[in-house]
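Peer 1: A predicted structure for the sequence below; I have some questions about it.
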Amino acid sequence: MRLERGGRDYMRGLLLVAVVACGLAGCNTTGDVASTMYPEAVRAGGAVKSDTAIVLVANGGSETINYLQFVHNGFPAINARGISLAPDGFVAIPVAVGTTGLELQNYTTTGRPGTYLPNGVSMGFVPVHTPKIDLPSPGLYYVATVFPGQQRSFETRPTAVQLAKLRKERPELATLKPVNFTWSN
């Protein structure tokens, strides 16, 4: 009887390990760069795949943003690190088409870096929590203009001035179809 129970516990443990391993392996099932948890930002003048969703974040503050973390209905979070989002600038992050419930959760600035303490507590990350959006098709999705160091933390609608600047400075993005905004905002 005791051996039988130990065998069931062992099998349950193996099943749990298998489920966790399959779940983690499923984080990048498309084999596409856009589906990773650490995507590379689209570089100015760089090539953009036409079958990718590109999320845009602008910096409306006076501090440079160097990290963005997006959460969504899947696992794991999407982390844009190693970026340098200067004031009045844009960053374009490729994200897998089909991602649902995407929101910008937090960011860090060069003057306020983020870190995790040994006990798991995070420090330095500035919370944002933009409204959730779905990315059902390829194209451009405007997530937010973030205002580091200001009372107002973000705005979800780009201004006409921002869009004109984006079209002028980032022609590789201007050819993509805007999904949740229009070029004439």
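Peer 2: Happy to help now that I have it.
Peer 1: quick check: mean pLDDT across stretch 37-46?
Peer 2: Averaged across stretch 37-46, pLDDT comes to 91.
Peer 1: do stretch 77-84 as well
Peer 2: The model assigns stretch 77-84 a mean pLDDT of 94.
Peer 1: what does it rub up against?
Peer 2: 37-39, 41, 64-72, 91, 93, 95, 102, 105 (Cβ atoms under 8 Å, 6 or more residues apart in numbering). For glycine as for every other residue, the C-beta is placed from the backbone atoms N, C-alpha and C.
Peer 1: Keep only those of those residues that are in strands.
Peer 2: Using DSSP state E, the subset of the contacts of stretch 77-84 located in strands is 65, 66, 67, 68, 69, 70, 71, 91, 93, 95, 105.
Peer 1: Go ahead and confirm the second one touches residue 108.
Peer 2: Translated: residue 66. Yes. Residue 66 is within contact range of residue 108, at 5.8 Å (criterion: Cβ atoms under 8 Å).
Peer 1: Following the one helix or strand in the chain whose mean pLDDT sits lowest in sequence, what is the next regular element?
Peer 2: Sorting the helices and strands of the chain by mean pLDDT, DSSP states H and E puts helix 2-25 at the bottom, at a mean of 49. Going down the chain from helix 2-25, the next helix or strand is strand 53-59, by DSSP states H and E.
Peer 1: Let me know the angle separating that next one from strand 65-71.
Peer 2: 140 degrees (axes from the mean of the first three to the mean of the last three Cα atoms, to 10 degrees).
Peer 1: And the average pLDDT for strand 53-59 is what?
Peer 2: Strand 53-59 comes out at a mean pLDDT of 96.
Peer 1: and that strand, which strands flank it?
Peer 2: strand 90-95 (antiparallel), strand 139-146 (parallel) (DSSP bridges).
Peer 1: re earlier: restricted to buried residues, select the ones in strands among the contacts of stretch 77-84 in PyMOL.
Peer 2: Typed into PyMOL, the line below selects the buried ones among the ones in strands among the contacts of stretch 77-84, using 16 or more other Cβ atoms under 10 Å:
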select buried, resi 65+66+67+68+69+70+71+91+93+95+105
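Peer 1: what would the ones in strands among the contacts of stretch 77-84 look like in TSV with pLDDT and distance to residue 158?
Peer 2: Shown next, in TSV, are these (pLDDT from 0 to 100; distance: Cβ to Cβ, whole Å):
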residue	pLDDT	distance to residue 158
65	96	16
66	95	21
67	95	21
68	96	16
69	95	21
70	97	18
71	96	22
91	96	13
93	96	15
95	94	18
105	95	20
